[in-house]
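Enquirer: got a sequence here, can you model it:
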Amino acid sequence: MSRPTRLLAWVLSAAMLGAASPAPAFPVEFGFTGVVTAEDALFPVGTQISGSYFFESVPTSVSTLPGLARYRPVYSVSGSVGVVPFAFAPETPTSGFITVSDVSAGGGTDSYQFQLMGGTPGSFTLTLEDDDGVMLSNVDLPLAPPTLSFAERATFSIRFEEDESTSGDITSLFLIPEPSVGVLLALGVAGLIALRRG
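Expert: Predicted structure coming up:
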């Protein structure tokens, strides 16, 4: 094995061993799509919505009751309704949270809600609810989106101004991978190719 190949193998081994240690907190990004269903003056029924939101992977649990937990911090939400963009960041550290409720842990229904109040008066809320209690198995913060097919109700609401808001149905909720994951995979493949050639 040549010296550069041994060096590359050592760097990859060190990176893999480092990945086995407990990971520090990192931002998680969920993407979403939906459709306006409310008859309002802002957007016609059927207008498409898309966007994403960020939250902390290892949050502080703000409140915990039997079957219910509320987590902070959340960072931001942005997207567009039709061609109209929107973006909100928390007005204060306490003006955004994720609430998780689980029937099997004592909650009234399985529910997942992301809510951010982004300044006066803007806000965004995404809510998934499952009356059958199969969407969630506990009140831990999900780092992968809850399965939308289990939700009887999957909705969003956006308030732009005091009297300007819209709402509708969420049609998809998905994890957007962190860019560093792709870089690590590419380095691993490059290392394997180098080892085979050396």
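
Enquirer: tell me, what residue is most central in the protein?
Expert: By C-alpha atoms, centre = their mean, the chain has its centre lying nearest to Phe30, at 3.0 Å.

Enquirer: max-length strand in the protein?
Expert: The longest strand of the chain (DSSP state E) is strand 48-65.

Enquirer: the helix or strand that that strand is followed by pairs with which strands?
Expert: The first helix or strand that comes after strand 48-65 along the chain, using DSSP states H and E, is strand 68-81. In the sheet containing strand 68-81, its partner strands are strand 48-65 (antiparallel), strand 84-88 (antiparallel), strand 96-101 (antiparallel), by DSSP bridges.

Enquirer: what comes up buried for strand 68-81?
Expert: For strand 68-81, a neighbour-count test (16 or more other C-beta atoms under 10 Å) marks 68-74, 76-77, 79, 81 as buried. Using the backbone N, CA and C atoms, a C-beta is placed for each residue, glycine as well.

Enquirer: stretch 166-183 now?
Expert: 166-168, 170, 173.

Enquirer: same question for stretch 25-45.
Expert: 28, 30, 32, 34-36, 42-43.

Enquirer: please save the CA atoms from that stretch in CSV.
Expert: These are the backbone C-alpha positions of stretch 25-45, laid out as CSV (Å, rounded to 0.1, in the frame of the first residue of the first chain):
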residue,chain,number,x,y,z
ALA,A,25,-26.5,18.9,18.6
PHE,A,26,-27.1,19.9,15.0
PRO,A,27,-30.0,21.6,13.1
VAL,A,28,-32.5,19.2,11.5
GLU,A,29,-34.5,20.3,8.4
PHE,A,30,-37.9,19.0,7.4
GLY,A,31,-39.4,19.9,4.1
PHE,A,32,-43.1,20.1,3.4
THR,A,33,-45.6,20.6,0.6
GLY,A,34,-49.3,21.3,0.7
VAL,A,35,-52.3,22.9,-0.9
VAL,A,36,-54.5,25.9,0.2
THR,A,37,-58.0,24.7,1.1
ALA,A,38,-59.3,27.8,2.9
GLU,A,39,-61.5,30.2,0.9
ASP,A,40,-59.7,33.5,1.7
ALA,A,41,-59.0,36.7,-0.2
LEU,A,42,-55.2,36.0,-0.3
PHE,A,43,-54.9,32.8,-2.3
PRO,A,44,-57.3,30.7,-4.4
VAL,A,45,-58.2,27.2,-3.2
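
Enquirer: gap between that stretch and the chain center?
Expert: 13 Å (C-alpha atoms, centre = their mean, to the nearest Å).

Enquirer: right, and the helix or strand after the helix or strand of the chain with the lowest mean pLDDT?
Expert: Within the chain, no helix or strand scores below helix 3-20, which has a mean of 48 by mean pLDDT, DSSP states H and E. Once the chain leaves helix 3-20, the next helix or strand it forms, by DSSP H and E, is strand 27-36.
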